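Visitor: I'd like to go over a predicted model; first the sequence, then the structure.
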Amino acid sequence: MIETPHAISIGAKIANLAWDSPSADCVTFEGVTLTREELHLSSNRMAHALAARGVSLGDFVSIALPNGLDFVVATCAVLKLGAIPQPVSAKLPDKELEAILSLACPRVVIRAAVARPSDVTPAMLIGETIDETDLPDRISPALKAPTSGGSTGRPKLIVSGRAGVVQPDEGDFYGIKRGDIAVMPAPLHHNAPFSLALIAILAGAHLVLMRKFDPEELLQIVARRHATWLYLVPTMMRRIWQLPQEVRDRCDISSLRTVWHMAAPCPPQLKEAWIGWIGADKLWELYGGTESQAVTVIGGQDWLLRRGSVGRPVMGEIAIFDDKGRQLAPGIVGTVYLRMPSSGKPTYRYIGASAERIGEWETLGDLGWMDEDNYLYLTDRRTDMILVGGANVYPAEVEAALEEHPLVATSAVIGLPDEDLGHRVHAIVQAPTTIDLDELNGHLAERLAGYKRPRSIEIVAYPLRDDAGKVRRFQLRADRVQGAASGEVSSVSDKEPMPLEGRSQ
């Protein structure tokens, strides 16, 4: 997937698809379908409106919309102008959104409702012009700029090193072919769903979006539309598998040719169950990061021979290092480091953060080992980051929000095992026993997205950090896993649905 000197822009590709088959179904959401021509013309119209608002080549445009046709049209419009789509969750609290916008400095923020002068809704943009003519062909300097929490407790932007051009073999790489019906049940503001949804459209597939994931509804969509391609994360796979067998049996999903899962480790028993259900040839796994320094892939047949592996590199290089920066031999567990391909430009750049490096090698914080054949096996994640249903939660960010409360002296946030989501966020808080937990949860709701907020809070009277400000999260977690049946943990309800995708691969 290397850019060629004659690479076609994404805007030009959308136009070509529309000219070739104007009436072909392109994107469907909740029963409403845009044809290729309708997507092309509506994104032209929105692009003209954005241009009138000053959006031009290289500008960031933040897209804070829920899944839907508007999200897709807005993304295509931004790319047609040569600007950079910067997707963010539509549910972010104002303070968290402001922190992201202060990094991106977007020319425009596209939201479902206006809350500040720079905000504009899709309806406003469409209503500002009737011009649907083609725009001058432009190539965005960066395909996307998704966000991620940071280990410092502040968000960061991960600006793609790839320009807004079509990679001719990209659809083939993911098994997406012209005429396919590709189902995307995950939030488009996350990196992998964003990228794969766009790849499906550019490959000439019919993309079907879901507002939010529901296991039975997803199976019904696959069966009713005879879908051929599907994206999942392990939490989705688990919830589908936990449906009563008669529910699963009612839905014929034999039309599926390719199913990808990524974003979080998949328990071997669950993966085996899926292989037995849909067939090893259909199930594929990808490991990597939004940064795309390196990527591994493994198919179901290969996985059965190397149970637990996430594959071997298909792009970039991977090696295992110890805490002293020494590269480890096969079979020895250490920190997983990735190195970008030696040819070509960097695959990303950060805004608001810097990479953890050993020379040219960078780490995402995973632990694992490699076998003699260069297959990677993950054993855990570093204990500071918590994977909740595939989404990254950084303790420092949650602790910073907790410690803004006047009664909280110190805090430590850890991940505890959760059968459904993999982990749940648990907060240990040094505060008076009289603190009102409902009020504290309300305080957090103003500062953190729902999936980052603690599902349980434990109040303690002793300091949680030493004189150097260090906290032993590993020991805190081990103590609580062993004593999970104790009554020291107070639950904090959170009705907001949990997201099911984060770290991309």
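Guide: Cool, the structure landed. Numbers count the residues shown, from 1 in each chain.
Visitor: could you chop the protein up by domain?
Guide: Using automatic domain parsing, the domain parsing of the chain gives 16-23+34-158, 386-491.
Visitor: now mean pLDDT too, for these, in CSV please.
Guide: What follows is these, written out as CSV (pLDDT from 0 to 100):
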stretch, mean pLDDT
domain 16-23+34-158, 94
domain 386-491, 85
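Visitor: most packed of the ones you listed?
Guide: With neighbours taken as mean count of other Cβ atoms under 10 Å, the domains of the chain reach their highest mean count in domain 16-23+34-158, at a mean of 20. Bear in mind the C-beta positions are built from the backbone N, C-alpha and C, glycine included.
Visitor: and that one, end to end?
Guide: From its first residue to its last, domain 16-23+34-158 covers 30 Å (Cα to Cα, to the nearest Å).
Visitor: present the domains of the chain as JSON lines; the columns should include distance to Ser9.
Guide: Compiled in JSON lines, these are given as follows (distance: least, Cβ to Cβ, whole Å):
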{"stretch": "domain 16-23+34-158", "distance to Ser9": "5"}
{"stretch": "domain 386-491", "distance to Ser9": "31"}
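Visitor: could you point out which of those sits nearest Ile358?
Guide: Proximity to Ile358 (Cβ to Cβ) singles out domain 16-23+34-158 among the domains of the chain, at 16.5 Å.
Visitor: distance from the chain centre to the closest one, please.
Guide: Chain-centre distance of domain 16-23+34-158: 17 Å, with Cα atoms, centre = their mean, to the nearest Å.
Visitor: coming back round to it: what's the closest of the domains of the chain to Leu198?
Guide: domain 16-23+34-158 (6.9 Å).
Visitor: gap between Gly54 and Ala83?
Guide: Distance, Gly54 to Ala83, by Cβ to Cβ, to the nearest Å: 10 Å.
Visitor: any shared contact partners between the two?
Guide: Arg107 (Cβ atoms under 8 Å, 6 or more residues apart in numbering).
Visitor: and the longest helix seen in the chain, what does it pack onto?
Guide: The longest helix of the chain (DSSP state H) is helix 36-52. Secondary-structure packing of helix 36-52 (3 or more Cβ pairs under 8 Å, 6 or more residues apart in numbering; DSSP states H and E): helix 10-20, strand 25-29, helix 69-80, helix 122-127.
Visitor: do I have it right that Val310 meets Leu378?
Guide: Yes - Val310 is in contact with Leu378 according to Cβ atoms under 8 Å; the separation is 5.9 Å.
Visitor: okay, the two: which has more neighbours?
Guide: Neighbours were counted for Val310 and for Leu378 using other Cβ atoms under 10 Å; Val310 has more, 25 against 17.
Visitor: and that one, how far from Asp302?
Guide: Separation of Val310 from Asp302 (Cβ to Cβ): 11 Å.
Visitor: same deal with Pro215?
Guide: Computed with Cβ to Cβ, the distance linking Pro215 and Asp302 is 27 Å.
Visitor: equivalent analysis for Ile139, please.
Guide: Counting by Cβ to Cβ, the gap from Ile139 to Asp302 is 36 Å.
Visitor: now swap in Thr133 and tell me
Guide: 49 Å.
Visitor: could you do Lys212 as well?
Guide: Separation of Lys212 from Asp302 (Cβ to Cβ) stands at 32 Å.
Visitor: I'd like the next helix or strand past the helix or strand in which Arg239 is found.
Guide: Assigned by DSSP states H and E, Arg239 belongs to helix 234-241. Following helix 234-241 in sequence order, the next helix or strand is helix 245-250 (DSSP H and E).
Visitor: one step back: between Lys212 and Asp302, which is the more surrounded one?
Guide: Asp302 (16 against 13).
Visitor: that one contacts Gly308, doesn't it?
Guide: No - counting by Cβ under 8 Å, Asp302 does not reach Gly308; the two are 11.9 Å apart.
Visitor: can you pull out the strands in the stretch 401-505 of the chain?
Guide: 410-418, 422-430, 456-460, 490-491 (DSSP state E, counting those that start in this stretch).
Visitor: strand partners of the third one, parallel vs antiparallel please.
Guide: Each strand that pairs with strand 456-460, with its direction, by DSSP bridges: strand 422-430 (parallel), strand 490-491 (antiparallel).
Visitor: packing partners for the helix or strand harbouring Val183?
Guide: In this structure, Val183 sits in strand 181-184 according to DSSP H and E. Applying 3+ Cβ pairs under 8 Å, 6+ apart, one finds that strand 181-184 makes contact with helix 191-202, strand 206-209, helix 215-225, strand 229-232.
Visitor: now the longest one: mean pLDDT?
Guide: Okay, so that is helix 191-202. For helix 191-202, mean pLDDT rounds to 97.
Visitor: so what's Phe71 up against?
Guide: Applying Cβ under 8 Å, 6+ apart, the residues near Phe71 are 63, 65, 87, 188.
Visitor: could you double-check that the last one sits in contact with Phe194?
Guide: So the one you mean is Leu188. Yes - between Leu188 and Phe194 there is a contact under Cβ under 8 Å: 5.3 Å.
Visitor: common neighbours of these two, please.
Guide: Shared contacts of Leu188 and Phe194 (Cβ under 8 Å, 6+ apart): Pro87.
Visitor: quick one: the nearest residue to Met46 once chain neighbours are set aside from Val120, how far?
Guide: Once flanking residues are discounted, Met46 sits nearest to Ala77: 3.8 Å by Cβ to Cβ, 6 or more residues apart in numbering. Distance of Ala77 to Val120, computed by Cβ to Cβ: 12 Å.
Visitor: got the CA positions of the strand holding Val183 in CSV?
Guide: Taking Å, rounded to 0.1, in the frame of the first residue of the first chain, the C-alpha atoms of strand 181-184 are listed here in CSV:
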residue,chain,number,x,y,z
ILE,A,181,-22.2,-5.4,1.4
ALA,A,182,-20.0,-4.3,4.3
VAL,A,183,-21.5,-3.8,7.8
MET,A,184,-20.0,-1.4,10.3
